[in-house]
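[1] Sequence first, predicted coordinates after that:
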Amino acid sequence: MTVKLVVLYTHPDDPASFDEHYTAVHAPLVDKLPGLQRFETGTLTLALDGGELPYCRIAELYFADRTAMDAAFGSPEGEATAADYGKIAPPGSRMFVEEVSG
């Protein structure tokens, strides 16, 4: 079953620096993950339910299955990506694994 890693980034102290690093450094690291089928990222701009918007960016990384995802993050490329996430993710950022059903 296809799985997706969903990463939700909270608002950084310096949005311009975060976005610059994300697009110039982090996204290219993600693109190099072995077994990555698809990578999407974007900025969140509005909470349609009128509530707060605690996250500023979302990233979605698709893999064939959990084994492929685990292998990707166990690789040198995955370790580099995880280390960079640790450097740039503002406090409160979250990661989830989603089983894609449709």
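    Structure received.

[2] Which strands and helices lie in contact with the longest helix seen in the chain?
    For the chain, the helix with the greatest residue count under DSSP state H is helix 76-88. Taking 3 or more CB pairs under 8 Å, 6 or more residues apart in numbering; DSSP states H and E as contact, the helices and strands that helix 76-88 lies on are helix 27-31, helix 66-74. (Each C-beta comes from the backbone N, C-alpha and C, glycine too.)

[3] Reformat the ones you listed as CSV; add mean pLDDT.
    Shown next, in CSV, are the helices and strands packed on helix 76-88 (pLDDT from 0 to 100):
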stretch, mean pLDDT
helix 27-31, 98
helix 66-74, 98
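
[4] Quick one, which of those gets closest to Tyr85.
    Closest to Tyr85 of the helices and strands packed on helix 76-88, according to CB to CB: helix 27-31, at 8.8 Å.

[5] Mind listing residues that contact the next helix or strand after the closest one?
    Using DSSP states H and E, the helix or strand that follows helix 27-31 in sequence is strand 38-43. For strand 38-43, contacts defined as CB atoms under 8 Å, 6 or more residues apart in numbering pick out 22, 27, 30-31, 56-62.
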